[in-house]
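Enquirer: got a predicted structure plus its sequence, pasted below:
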Amino acid sequence: MDKIRVRFAPSPTGFLHIGGLRTALYDYLFARSLNGTCVLRIEDTDRSRYVEGAVDNLIGSLHKLGLDYDEGPGLGGDFGPYTQSERLELYHQEAQRLLESGHAYYCFCSQKTLEEMRAKQQANKEFVKYDRRCLNLSKPEVEAKLAAGEKHVLRLRMPDKRKFGFDDLIRGHVEMDASQSDDQVLMKSDGFPTYHLAAVVDDHYMEISHVIRGEEWLSSTPKHIWLYECLGWQAPQWVHLPLILNPDRSKLSKRMNDVSVDSYLQKGYLNEALLNFIALLGWHPADDRELYNLAELCQLFSLERVSKAGAVFDLAKLDWLNGHYLRELPLETIVERCLPYFKEQGLPIPAIKVMKRMVGAARERCTLLSEIPEYCRMFIFPKALEGDDLDTIRSESSKQVLAWFADQIPGSMPLNAEEVEELVKRGIAETGLKGKAFYTPLRLALIGQAHGPDLPSTFDILGDEEALRRVKMWL
């Protein structure tokens, strides 16, 4: 295939998770690096596990992260529709072809029968697979069961003895024995195809050149290769990504861990940090850098540099990356992205000038966007003093410090950082108090806590007039 066409094909059985995001990102980067096309396809044939709102979440999360695809739901394209539930006629057409060629057969076994079969095989320590009891039904028997309306599925007849060899762009040459593959269900009793049939049919008709997916699909590849052969089609290039692991090397499961992409964004992780982090979960750049923006990733990415080994999801590294981008992105960007968190935490939005000063101080000490409003709270609503803090600010030495400052702050003329520093030096010299005895009462009066930013930053944020008002409250 000359054209590079890749697809991200999530199932709306839940919100976009970290593993899905990595597949989507690698699809996107691979296509962009080679001037290819990205397709978004919604694989919604598992109706029993369909989650309302999942499609909107999947598309919305990708859009938030800047991974805008070239074809897909809402975008259109020459190969639509891009939602599998709208393509049922095509799957039935290809299933009928498989039936007629003898590569597929009807199975009328009940769920109870299948469970008993599996239990017996497990007890005998045999490979668990369908025992083909329906394969031997005569044509009249099949027709009678169909005429009687018996519940049934359609199964793929795998070859009995066959080694499937294929080349994987990450794993090299792979060989798998057909005896380790089941006669996969292709069409379910509800008339919907399984992933295996629908994905192969769609990848062919959508002219997908490379199938990029997780390692867990590796064992299904012989079934898919066989389907391509049975239907007389050319298979795409296979690419199986390494597992994403917990720090203890167990598999990162979307059902066991908090791995929803939306969850990380809501917690205050930045798009830039999340994409940078996810890109490095398996891909190793040629240099030793760890910081890449999306444009750089599009230029540098190659599947040849994706490792076979599992990639550990290191939350500490994600936090480090997020802290870096929190401090390095333009201040205006961080201010804008903080606004929803201020509203969520019930904090008023101050004038933009003050907001920029507050956020500028906060981002030097915070890791997540969601932590910034809490840090800024002391400038907006200083905490009511109680206990030891209340005793401290009411002491004679504290009153001495506050009274001296109240006399020195002009109130109407803003002090710059150098002037505040000079004021502090004179205050220490003239009051004879230093260290905690000098700084603590000032911070308690100005921000309601004993620890916080330096005094020049505090004055810059509050302004002299507000600083003077807060100091005088305790005199």
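Expert: In hand now; what should we look at?
Enquirer: when you work out contacts or count neighbours from here on, use the C-alpha atoms and nothing else.
Expert: Noted.
Enquirer: now do the strands in the stretch 101-250 of the chain.
Expert: Counting by DSSP state E, counting those that start in this stretch, one finds strands in the stretch 101-250 of the chain at the ranges 104-107, 153-156, 163-168, 172-177, 185-187, 210-214, 237-241, 244-245.
Enquirer: whoops, the stretch 301-450 of the chain was the one
Expert: For the stretch 301-450 of the chain, applying DSSP E, counting those that start in this stretch gives strands covering 311-312.
Enquirer: give me the low-pLDDT residue ranges for it?
Expert: For the stretch 301-450 of the chain, the stretches flagged by pLDDT under 70 are 411-412.
Enquirer: residue contacts, the closest residue to residue 370 other than its chain neighbours?
Expert: In this structure, residue 370 finds its nearest non-sequential neighbour in residue 268, 4.9 Å apart by Cα to Cα, 6 or more residues apart in numbering. By Cα atoms under 8 Å, 6 or more residues apart in numbering, residue 268 lies in contact with 368, 369, 370, 371.
Enquirer: is the third one in contact with residue 338, as I believe?
Expert: When you say that, I think you mean residue 370. Yes. The pair residue 370 / residue 338 is scored as a contact, 7.2 Å apart, by Cα atoms under 8 Å.
Enquirer: give me the neighbour count for residue 132.
Expert: Residues lying near residue 132 (other Cα atoms under 10 Å) number 15.
Enquirer: enumerate every residue touching it.
Expert: Contacts of residue 132 were listed using Cα under 8 Å, 6+ apart, and they are residue 183.
Enquirer: residue 106 versus that one, what's the distance?
Expert: 10 Å (Cα to Cα, to the nearest Å).
Enquirer: so what pLDDT did the residue nearest to residue 370 get?
Expert: pLDDT, residue 268: 96.
Enquirer: and of the contacts of residue 268, the nearest to residue 177?
Expert: residue 368 (48.9 Å; Cα to Cα).
Enquirer: if I look at the spatially closest residue to that closest one that is not a sequence neighbour, how far off is residue 342?
Expert: Nearest residue to residue 368, sequence neighbours excluded (Cα to Cα, 6+ apart): residue 268, at 4.9 Å. For residue 268, the distance to residue 342 (Cα to Cα) stands at 12 Å.
Enquirer: how about residue 407?
Expert: 35 Å.
Enquirer: the more surrounded of those two?
Expert: Shown here are residue 407 and residue 342; by other Cα under 10 Å, residue 342 has more neighbours (20 against 11).
Enquirer: pretty sure that one contacts residue 348?
Expert: Yes. Using Cα under 8 Å, residue 342 is in contact with residue 348, at 7.0 Å.
Enquirer: that older thread, which of the contacts of residue 268 fall within helices?
Expert: residue 371 (DSSP state H).
Enquirer: give me the phi and psi for the residue nearest to residue 368.
Expert: With angles defined as degrees, to the nearest 10, residue 268 sits at phi 110, psi 20.
Enquirer: from residue 468, how far out is it?
Expert: The value you get for residue 268 to residue 468, if Cα to Cα is used, is 34 Å.
Enquirer: tally of neighbours for the nearest residue to residue 12 once chain neighbours are set aside?
Expert: What sits nearest to residue 12 in space, not counting adjacent residues and going by Cα to Cα, 6+ apart, is residue 54, at 5.0 Å. For residue 54, the neighbour count with other Cα under 10 Å is 17.
Enquirer: go on, residue 274?
Expert: Using other Cα under 10 Å, residue 274 is surrounded by 20 other residues.
Enquirer: okay, now residue 396: neighbour count?
Expert: Look at residue 396: counted by other Cα under 10 Å, it has 10 neighbours.
Enquirer: which ones are touching residue 225?
Expert: Contact analysis of residue 225 by Cα under 8 Å, 6+ apart lists 164, 235.
Enquirer: tell me how far it lies from residue 204.
Expert: Note on residue 225: its distance to residue 204, by Cα to Cα, is 12 Å.
Enquirer: what sits in contact with each of these two?
Expert: Contact criterion Cα under 8 Å, 6+ apart; residues bridging residue 225 and residue 204 by contacting each: residue 235.
Enquirer: alright, calling it a day.
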